[in-house]
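[1] the sequence isn't on hand, but the structure is:
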């Protein structure tokens, strides 16, 4: 039992020593409305050793419905970003290439 408590304590200590940054500090969220709710993102170290958002970014409203969905590529918004109201209805779409907003590409026939 003591070993189990010691092992659990050690694992909690190791996990709490991470240096990753909150989603809002590790990627550019300009142009995206501030929404109160949980954020989920993936991070990795860039060439300078700083943590940046990289991969899927999701935020939900307090009621659990989607608020924002998009992708980061090494700290820059990339691809289609969708914004939803509190009922989960899509209200806006923005398209980014390496952090620069572009026209949403039309579907190919």
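    Arrived safely, thanks for sending. Keep in mind that what you see is a predicted model, and the values were worked out from it rather than measured. Residues are numbered from 1 along each chain as shown.
[2] any regions of this protein where pLDDT drops low?
    Scanning the chain with the threshold set as pLDDT under 70 gives 1, 4-22, 24-26, 28-37, 105-109.
[3] how does it look with 50?
    10, 12-19 (pLDDT under 50).
[4] where exactly do the helices run in it?
    Taking DSSP state H as the test, the helices found in the chain are 2-16.
[5] residue 103 reaches residue 95, doesn't it?
    Yes - if you go by CB atoms under 8 Å, residue 103 and residue 95 touch, sitting 6.7 Å apart. Every C-beta, even on glycine, is put in place using the N, C-alpha and C of the backbone.
[6] tell me which of the two has more neighbours.
    Comparing residue 103 with residue 95 by other CB atoms under 10 Å, the one with more neighbours is residue 95, at 16 against 6.
[7] just give the closest residue to the more buried one, not the sequence neighbours.
    Spatial nearest neighbour of residue 95, chain neighbours left out: residue 104 (4.4 Å); criterion: CB to CB, 6 or more residues apart in numbering.
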